[in-house]
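**Student:** pasting a predicted model and its sequence here:
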Amino acid sequence: MDNTSSAPDAAAARRTRNRFTLILIAGAFVLPIVAAWLLTSGVFGWRPAAFTNRGTLITPPIDFATLPATDATAPLRALPPADWALLYLSDHTCDDACRKVLRELAAMPMVIGLSGTRLHVYGLFSAAQSRTGIRDLVDPDVVRAIGDRLRSDNRRLDLPCIAFLDWRGQLMMHFDPSASPDAIKGDLKRLLAASAIK
């Protein structure tokens, strides 16, 4: 009698083990997919670092068409399609720290590689500077207007800064001058790759 009752018990235990094993196998495949979807969907407010800008987006972007139209900033208004300008914007005189940043920016097109041919580096100052190492544009009215826009609308941004300007005339990314060159390079490479004309 004990043998007959133990056989169904053993079969039930095997079925339970088999079901548990099947659930574990299904969980091993399904749970990572569900977890990845939850993380990337924004449910928890998290984004992968690879898709995070290191600079601060200027929201909404500053449209150069709404700034004073002057001859000094004409090169910035005439960027070729899919080209970008890397700007150093300042309403102060350029000290040693500023010149160091400008040397790093001047090297950026070479550091980026092939896409660097679509990158133009400028300094946009409110007064003439000496030996900055990049192409200088002097336009106090435009610099003042950009500074006012950066400080308005609770953006909490200011000059001096490093900024990205796209070929449509949108000033859309802001970096503090102390930002790491690697951070600037990372954002530039992504933007240049995404905006390439095929």
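**Tutor:** Cool, the structure landed.

**Student:** quick one: mean pLDDT over stretch 106-123.
**Tutor:** Taken as a whole, stretch 106-123 has a mean pLDDT of 90.

**Student:** correction: stretch 164-179
**Tutor:** Confidence over stretch 164-179 (mean pLDDT, whole number) is 93.

**Student:** same question, stretch 54-74
**Tutor:** Along stretch 54-74, the predicted confidence averages to a pLDDT of 91.

**Student:** start to end distance for it?
**Tutor:** Criterion CA to CA, to the nearest Å; first-to-last residue distance in stretch 54-74 is 29 Å.

**Student:** stretch 118-132 now?
**Tutor:** 21 Å.

**Student:** tell me what the strand or helix carrying Phe164 is packed against?
**Tutor:** Taking DSSP states H and E as the criterion, the element that holds Phe164 is strand 161-166. Here strand 161-166 touches strand 84-90, strand 170-175, helix 181-194, going by 3 or more CB pairs under 8 Å, 6 or more residues apart in numbering; DSSP states H and E. Placement of C-beta: from N, CA and C, glycine included.

**Student:** give me the buried positions along the longest one.
**Tutor:** Residues of helix 181-194 classed as buried by neighbour count (16 or more other CB atoms under 10 Å): 184-189, 191-192.

**Student:** could I get those residues as CSV with distance to Arg77?
**Tutor:** Compiled in CSV, these are given as follows (distance: CB to CB, whole Å):
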residue, distance to Arg77
Ile184, 23
Lys185, 25
Gly186, 27
Asp187, 23
Leu188, 20
Lys189, 25
Leu191, 19
Leu192, 20
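
**Student:** name the nearest of these relative to Asp166.
**Tutor:** Taking CB to CB as the measure, Leu191 is the one of the buried residues of helix 181-194 closest to Asp166, at 7.8 Å.

**Student:** is it correct that the closest one is in contact with Trp167?
**Tutor:** No. No contact is recorded between Leu191 and Trp167 when judged using CB atoms under 8 Å, the distance being 11.2 Å.

**Student:** intersection of neighbour lists for the two?
**Tutor:** Counting by CB atoms under 8 Å, 6 or more residues apart in numbering, the contacts common to Leu191 and Trp167 are Trp84.

**Student:** about what we covered before: so the strand holding Phe164 versus strand 84-90, what angle?
**Tutor:** Direction vectors for strand 161-166 and strand 84-90, defined by axes from the mean of the first three to the mean of the last three CA atoms, to 10 degrees, enclose an angle of 150 degrees.
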